[in-house]
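Student: Quick one, fold the following:
(one chain, ligands or ions: 2)
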Amino acid sequence: MVFGRPDRGIRPQTEPLTLKLLVAGGFGVGKTTLVGSVSEIRPLRTEELLTEAGRPVDDISGVEAKRTTTVAMDFGRITLREDLVLYLFGTPGQDRFWFLWDELAQGALGAVVLADTRRLADCFAAVDYFERRGIAFTLAVNCFDGAPRHSAEAVRDALDLDPDVPVVMCDARERDSVKRVLVSVVEHALATGITARRPATV
Ligand SMILES: Nc1nc2c(ncn2[C@@H]2O[C@H](COP(=O)(O)OP(=O)(O)OP(=O)(O)O)[C@@H](O)[C@H]2O)c(=O)[nH]1
Ligand SMILES: [Mg+2]
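Tutor: Ligands and ions are numbered 1, 2, ... in the order given. Next up is the predicted model:
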């Protein structure tokens, strides 16, 4: 820089565009797994052991190997393209941590709502949350081994989703599969435009 003018011939360094996405959905649906499989930094996790005392409320049917649960958030980062970095915030799945959602949702461009076909109703609350706030989301079905397979259209009907909401099948353990979900959210959010965003009407 000479007297406030950029030097000729030197391209200004461009900072990558950074976007914040939430990863939401019911208890034990694979949110922490999803963030962990794509993050290029060691993901921040806030896991606590599931206890005997919590057994009546923490329903682990279908994910019997589950030993811990998220009590605050997951955090990870992925560079989708050289000029596009995503910050991923995984929400806690259990109802008793819902008070954290509004904090986590601030400034989010879009969201992934992760669903398990064995407990589809568990993602209603997340769908409702983002619909009310006008935050664009992609519904991603985490295809657990042994879980019934349904078409994207059947899932859309069951959840009564708007026709423009993308519904994709994924495996939260597979990096490429999760990347496809994230690309879908970004494309959908950019197509929808942040003008659609509105304050919550609760
Ligand atoms: N077979 C299979 N198991 C999975 C998949 N995703 C997650 N799991 C397992 O399912 C369990 C739950 O995964 P988590 O990632 O902790 O789920 P979560 O949504 O973060 O759970 P909470 O934070 O407690 O709501 C773990 O034991 C994972 O190893 C998947 O795609 N397929
Ligand atoms: Mg978790």
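
Student: what residues are up against residue 68?
Tutor: For residue 68, the set of contacting residues under the criterion of CB atoms under 8 Å, 6 or more residues apart in numbering consists of 47-50. Quick note: C-beta positions are derived from backbone N, CA and C, even for glycine.

Student: any idea of the mean pLDDT for stretch 80-87?
Tutor: Stretch 80-87 carries an average pLDDT of 94.

Student: cool, stretch 93-105 as well?
Tutor: Average pLDDT, stretch 93-105: 86.

Student: related to what we said a few turns ago, considering only the contacts of residue 68, which also neighbour ligand 2?
Tutor: Filtering the contacts of residue 68 for proximity to ligand 2 (criterion: CB under 5 Å from the ion) leaves nothing.

Student: ok, and the most crowded of those residues?
Tutor: residue 50 (15 neighbours; other CB atoms under 10 Å).

Student: Now the strand or helix carrying residue 131: buried residues?
Tutor: Using DSSP states H and E, the secondary-structure element containing residue 131 is helix 124-133. Using 16 or more other CB atoms under 10 Å as the burial criterion, the residues of helix 124-133 that qualify are 125-127, 129-130, 133.

Student: from the residues you listed, which is closest to residue 107?
Tutor: residue 133 (12.1 Å; CB to CB).
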